[in-house]
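> I would like the atomic coordinates for the input below:
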Amino acid sequence: MFLIIIVVFIFWGVGSFRARKARILAHINGEPIYYKQFASTFEQVVSSYKARFKEFNEDWIKRLNLKKTVLNSLIERTLIIQTANKMGLWVSEDEIREVIKQYPAFQNNGQFDLALYKAVLQKHRYTPAQFERNLMGDLILSQVRNTVQGLAHVSEHEAYEAYNWLKQRINLEFVAFRPKAFSEKVVLSENGLKAYFKAHKKDYSMPKQIKIAYVNIAKRQFTPKIEPTKDQVEQYYRSNQQDFYQPKTVRASHILFRVPLDASPQRVEDTRKKAIKVLEKAKGMEDFSKLAKKYSEDKANAAKGGDLGWFGRGTLLKPFEDAAFSLKKGQISDLVRTNFGFHIIKVEDVKEAYVKPLSEVKAKIVNELKQQKARDMAERLANRLYAQAILDNSLKEAANKLKVSVKETDFFSNQHWPKGIHYSLVSKIVSLKKGEVSAPLNTEDGYFLAQVIEEKGPSIPSFLEAKEKVKKDYIKEKSKELAKESAEGFINKLKKGGEFSKLAKAYKLTPQETGFFNINENIPKVGYEPTIQREIFSLGPSKLYLDKVAEFDGIFYVLKFKAREDISKEAFEREKETFIKELLSVRQATFFNIWLDELKRQADIKIKEKI
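All right, here's what the predicted structure looks like:
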């Protein structure tokens, strides 16, 4: 019985969630959030991370603060749905059914399949009622988000100001004060080094060291013994149809007549007339490939008769795709306008959406089932070993009883560790106390267990033991201080009317130019520092210098404005439509987040218990 209890509590928080499932975690404006909701959502999030990251383990939950993140998402969801009710927003059952029918994961040969729908939900531990209730919430959330974001707008003037701010470029003149150039000016003394060591003793402390016994349980050791049955393969295939779904693809050729986005109406019309003449030839049964070679302005594909090869949805411009996917094999489109110009499209072939046959994916399924079974077997053995090690208070003894190979290390720390132990495990292992056995830790190939058998506490070396490192650190720090002081002196002289070039000569420095760059780019020859980038772009003829030293990667710079390139209205007009859409998207997201923060600020949120 004790072994069973231990194994149950190996899994993260499952025992505590089950014990609390009927209890209330929080009240949001009087509406409860239950532990059951939290546990279910939390398990789904953990499962998602496990599927995406093989190295995912309990440490990730703490580092990513997943429990708090999940609770916060439930609070926000509850608040938004409460607001939707006040706004009179709702979703009908018919709307929910229509959305479900459009999910590719629930379709077979392009049609909704009820049996597949239920199988997919069962695989992910959902009932149809649960899934549809969650979907209704998602759709309501989407309605609220769209309503709130619809209040945000961007004027053309605002867009131009933002565009100019982002795209304008400036050129700087600079001098650099490098700490290395000042190292020989640092005065060393025994007393100075001792005082430095005393003030920085913690920097020289030796970390905790441990010696461990450990076991690697690799799933690959189980795979040769596993052979999935025919029924298991077929069941997996039926339950995972969405994994084998191949969307519709089209092979098409085209003839392009280029029209710039900023072309005059007359040029657009002239190009359209030219394209229509070629379209008439194409629909008059002339050889499309020859027409493409002769007339197409897409030079990369013209030589191939305009052949674009096979493509699916989401790879080309939407107007082009919409036209291509509406045609049957051999059909030719009317003129299609995109950002590139006018296209004449011919569909050479079509592959309708389909689910790959079992014969084609059988080997992949067999391998997946082997991997799943091997991981299950490795997990069971790891749990048995952990439980036995707790009983015996010894991982070695437990491993011997279960006939599992166990190894020992020499002393190591979280700074240097033995080969064969992945770095992602080290912090977890080093945090163990002497005699403590780690719970099974996920690895890429299975599970890892360790027990600390000896430890050495953190220690601080004597001054003599650390002297050489202290000396290097002292010189490095003092050199940096001297470099900064010299740069500050340079700026002070500029403020008093000094001339940049003459001061540079006096300091034996060679002024350099960065060349032109914009606000989001690295400063050429200098670096990138977000906190100072905005200040740099405030420079101009009326303010030539930054009034402080700029530090980049430990080097100190004095920066002087040299020239600016503003953006023309014509350049903005060429990208105006796309830029306004991008800026509006950013503003909508920001607007929604501000609205949500205010909603939370005004809400009555009471957290009943810690998670």
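> can you map out the strands along the stretch 451-600 of the chain?
512-513, 550-552, 555-565 (DSSP state E, counting those that start in this stretch).
> Select, out of the ones you listed, the one closest to Ile96.
strand 555-565 (53.9 Å; Cβ to Cβ). Every residue, glycine included, has its C-beta placed from N, CA and C.
> buried ones in that closest one?
Neighbour-count burial for strand 555-565, counted by 16 or more other Cβ atoms under 10 Å, picks out 555-562.
> one step back: wait, which of the strands of the stretch 451-600 of the chain is closest to Arg133?
Nearest to Arg133, of the strands of the stretch 451-600 of the chain and by Cβ to Cβ, is strand 550-552 at 53.6 Å.
> Which elements pack onto that closest one?
strand 555-565 (3 or more Cβ pairs under 8 Å, 6 or more residues apart in numbering; DSSP states H and E).
> And the contacts of the strand it packs on?
Residues outside strand 555-565 that contact it (Cβ atoms under 8 Å, 6 or more residues apart in numbering): 168-179, 483-484, 486-487, 490-491, 494, 500, 513, 516, 526, 536, 539-541, 543-546, 549-551.
> out of those, which are buried?
169-170, 172-177, 179, 483-484, 486-487, 490-491, 494, 500, 516, 526, 536, 539, 545-546, 549-551.
> Tell me which entries of those lie within helices.
483-484, 486-487, 490-491, 494, 500, 536 (DSSP state H).
> Domain parsing of this structure, as residue ranges.
Domain assignment for the chain by automatic domain parsing gives 2-150, 169-203+466-565, 209-237+359-456, 248-352.
> Could you identify which of those domains has the lowest mean pLDDT?
Here the domains of the chain differ in mean pLDDT, and the lowest is domain 2-150 at a mean of 80.
> Run the chain-centre distance for that domain.
Here the centre of domain 2-150 is set off from its chain's centre by 21 Å, with Cα atoms, centre = their mean, to the nearest Å.
> Repeat that for stretch 378-388.
34 Å.
> ditto for stretch 231-246
For stretch 231-246, the separation from the chain centroid amounts to 29 Å (computed by Cα atoms, centre = their mean).
> Just the C-alphas of it, formatted as CSV.
Extracted in CSV, the C-alpha atoms of stretch 231-246 (Å, rounded to 0.1, in the frame of the first residue of the first chain):
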residue,chain,number,x,y,z
ASP,A,231,-5.6,-4.0,-34.2
GLN,A,232,-3.5,-1.4,-32.3
VAL,A,233,-2.1,0.0,-35.5
GLU,A,234,-5.6,0.3,-37.1
GLN,A,235,-7.1,1.8,-33.9
TYR,A,236,-4.3,4.4,-33.8
TYR,A,237,-4.9,5.2,-37.5
ARG,A,238,-8.6,5.7,-36.9
SER,A,239,-8.1,7.9,-33.8
ASN,A,240,-5.5,10.1,-35.4
GLN,A,241,-6.9,10.8,-38.9
GLN,A,242,-6.0,14.5,-38.5
ASP,A,243,-2.3,13.6,-38.4
PHE,A,244,-2.5,12.0,-41.8
TYR,A,245,-4.8,14.6,-43.5
GLN,A,246,-3.3,16.1,-46.7
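> Of all the residues in that stretch, which ones are buried?
Quick answer for stretch 231-246 (16+ other Cβ under 10 Å): 233, 236-237, 240-245.
> Tell me which residues are up against that stretch.
Taking Cβ under 8 Å, 6+ apart as the rule, stretch 231-246 contacts 104-108, 113, 116, 119-120, 122-123, 228, 351, 353-356, 358, 361-362, 365-366, 368-369.
> Extract the CA atoms of stretch 113-132 and return them as CSV.
Output of stretch 113-132 as CSV, limited to C-alpha atoms (Å, rounded to 0.1, in the frame of the first residue of the first chain):
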residue,chain,number,x,y,z
ASP,A,113,-17.1,12.9,-39.7
LEU,A,114,-19.0,12.4,-36.4
ALA,A,115,-17.1,9.2,-35.5
LEU,A,116,-13.8,10.9,-36.1
TYR,A,117,-14.9,13.9,-34.0
LYS,A,118,-15.7,11.7,-31.0
ALA,A,119,-12.5,9.7,-31.5
VAL,A,120,-10.3,12.9,-31.5
LEU,A,121,-12.0,14.3,-28.5
GLN,A,122,-11.7,11.0,-26.6
LYS,A,123,-7.9,10.9,-27.4
HIS,A,124,-7.6,14.4,-25.8
ARG,A,125,-9.8,13.4,-22.8
TYR,A,126,-12.7,15.6,-23.8
THR,A,127,-16.4,14.9,-24.0
PRO,A,128,-18.4,16.6,-26.8
ALA,A,129,-20.2,18.6,-24.2
GLN,A,130,-17.0,19.8,-22.6
PHE,A,131,-15.4,20.7,-25.9
GLU,A,132,-18.5,22.5,-27.2
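> residues making contact with that stretch?
Counting by Cβ under 8 Å, 6+ apart, 96, 100, 105-108, 238-242 sit against stretch 113-132.
> will you turn those into TSV that also has secondary structure and distance to Ile580?
Formatted as TSV, the contacts of stretch 113-132 follow (DSSP: H, G, I helix; E, B strand; the rest coil; distance: Cβ to Cβ, whole Å):
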residue	secondary structure	distance to Ile580
Ile96	helix	34
Ile100	helix	35
Ala105	helix	35
Phe106	helix	37
Gln107	strand	36
Asn108	strand	42
Arg238	helix	48
Ser239	helix	46
Asn240	coil	43
Gln241	helix	42
Gln242	helix	37
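> Closest to Lys219 out of the residues you listed?
Nearest member of the contacts of stretch 113-132 to Lys219, counting by Cβ to Cβ, is Asn240, at 20.3 Å.
> nearest to Gly284, of the strands of the stretch 451-600 of the chain?
Of all those, strand 555-565 comes closest under Cβ to Cβ, at 51.2 Å.
> Give me the distance from the closest one to the chain's centre.
34 Å.
> where does Gly345 fall, helix, sheet strand or coil?
Slight slip there: residue 345 is Ile, not Gly. Of the three states, Ile345 takes strand under DSSP: H, G, I helix; E, B strand; the rest coil.
> Identify the residues contacting it.
Taking Cβ under 8 Å, 6+ apart as the test, what Ile345 contacts is 252-254, 320, 323-324, 327, 332-333, 336.
> Go again with 7 Å.
Applying Cβ atoms under 7 Å, 6 or more residues apart in numbering, we find Ile345 in contact with 252, 254, 320, 323-324, 333, 336.
> same check, this time on Ala382
Contacts of Ala382 (Cβ under 7 Å, 6+ apart): 217, 440, 447, 449.
> Asn414 and Ser424 touch, don't they?
No: taking contacts as Cβ atoms under 7 Å, Asn414 lies outside contact range of Ser424: 11.8 Å.
> if we can go back for a sec, let me have the contacts of Ala382 in a markdown table, extended by neighbour count.
As requested, the contacts of Ala382 are exported to a markdown table (neighbours: other Cβ atoms under 10 Å):
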| residue | neighbour count |
| --- | --- |
| Ile217 | 22 |
| Pro440 | 23 |
| Tyr447 | 23 |
| Leu449 | 26 |
